[in-house]
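next input, structure requested:
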Amino acid sequence: MTARVLVVDDEAPIQRFLRPALVASGYDVLQAETGRQALHLIATAAPDIVVLDLGLPDMDGKQVLAEARRFSQVPIIILSARDREVEKIAALDLGADDYVEKPFGIGEFMARLRTALRHRAKGGEDISRFEADGLTVDLDRRLVSRDGKPVRLTPKEFELLAILVRHAGRVVTHRQILSQVWGPAHADDTQYLRVFVGQLRAKIEPAPETPRLVLTEPGVGYRLWAEE
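Below is the predicted model of the structure:
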């Protein structure tokens, strides 16, 4: 079944660039230039995924995101020239599935799109098993191995890894991780989180000094690399 992508952007060059790339990859494409058009199409046209600009002429993209989340769990990828960390964090905390900055490479963008669609295809269910680059994680059995050898993690290290596995391929903010693993009272303890991420990388990365699995999204959070 062909996936339907709604592109919400008032910049004609972006629409002209994205539409043929998406069509060539087998997607149906819907287009909107305003937030109100976007909300109407999300409600009536049932897109499988939404690509949403933040700088729309009638309303801020974050408002569109917040309103859409009241009635839909469709995957939403933010595509914006706003590169401030606070904008990324706000959008992700409001329920965006990912955030891509303009200008962007079409290869990376399409990979992010496929990741979000895979998550939708699973019905939003938690992933219980993850395999990539020699790492195997079985969340149900609480087992982790690297190149076939068991990896011993502390309870908190395992919880941290479990959150990244459940959101594999997507960025998870510092606040989201800290709140879920250590509780809301620790939501701003980013330095504390960096220490645990360092410990986790030392145990699961082939070369912790150049991580390939647990990737840093500067100022925002972390992403667990997922194979295509």
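
quick one, phi/psi of the residue located most distally from the centre of the chain?
Residue farthest from the centre of the chain, counting by C-alpha atoms, centre = their mean, is residue 149 at 29.3 Å. Per-residue torsions, residue 149: phi -100, psi 140 (degrees, to the nearest 10).

what pairs with it across the strands?
Beta-bridge pairing for residue 149 (DSSP bridges): residue 146.

Three-state assignment for the nearest residue to residue 22 once chain neighbours are set aside, please.
Nearest residue to residue 22 in three dimensions, chain neighbours excluded: residue 29, at 5.0 Å (C-beta to C-beta, 6 or more residues apart in numbering). The way it works is simple: take the backbone N, C-alpha and C, and place the C-beta from them, glycine included. Of the three states, residue 29 takes strand under DSSP: H, G, I helix; E, B strand; the rest coil.

which residues touch the closest residue in space to residue 90 that isn't next to it in sequence?
Nearest non-adjacent residue to residue 90, counting by C-beta to C-beta, 6+ apart: residue 62, 5.9 Å away. Residues near residue 62 by C-beta atoms under 8 Å, 6 or more residues apart in numbering: 54, 87, 90, 91, 94.

wait, is residue 62 part of a helix?
Yes - checked against three-state DSSP, residue 62 lies within a helix.

that one and residue 180: what is the separation?
Applying C-beta to C-beta, to the nearest Å, the value for residue 62 to residue 180 is 22 Å.

all helices of this structure, in order?
Using DSSP state H, the helices of the chain run over residues 12-24, 35-44, 61-68, 85-93, 106-121, 155-166, 174-181, 190-204.
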